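Engineer: All I have is the shape, not the residue letters:
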């Protein structure tokens, strides 16, 4: 959602200065963890992924 829309919906909204370097660092850590469940994950952004855990569940007997 664009910031101006958020501000209109929530006048008390506070914006903080982003730390892109730190955000990217944690994004890579997050994706590394998720790759354990789906090595072919689809990254759709720094903090978004699409994964298929079907094979992981089958391999670990968790498919019921």
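Structural biologist: Okay, I see it. In this text, all values refer to a predicted model and were calculated from it rather than measured experimentally.

Engineer: pLDDT value on the residue of the chain positioned farthest from its centre, please?
Structural biologist: Using Cα atoms, centre = their mean, the residue of the chain lying farthest from its centre is residue 11. It sits 26.7 Å away. Looking at residue 11, its pLDDT stands at 97.

Engineer: what helix or strand does it sit in?
Structural biologist: In the assignment (DSSP states H and E), residue 11 maps to no helix and no strand.

Engineer: Need the phi and psi values for it.
Structural biologist: Dihedral pair for residue 11: phi -60, psi -20, per degrees, to the nearest 10.

Engineer: Distance of it relative to residue 18?
Structural biologist: Noted for residue 11: a distance of 21 Å to residue 18, by Cβ to Cβ, to the nearest Å. (C-beta placed from N, C-alpha, C; glycine too.)

Engineer: Give the buried residues for the helix ranked longest in the chain.
Structural biologist: The single longest helix within the chain, with elements called by DSSP state H, is helix 20-35. By neighbour count, with 16 or more other Cβ atoms under 10 Å as the criterion, the buried positions of helix 20-35 are 27, 34.

Engineer: after that helix, next one along is what?
Structural biologist: Counting by DSSP H and E, what follows helix 20-35 is strand 42-45.

Engineer: what are the pairing partners of that following strand, and which direction each?
Structural biologist: Using DSSP bridges, the strands paired with strand 42-45 are strand 48-50 (antiparallel).

Engineer: how much distance is there from the partner strand to the middle of the chain?
Structural biologist: Relative to its chain's centre, strand 48-50 lies at 6 Å (Cα atoms, centre = their mean, to the nearest Å).
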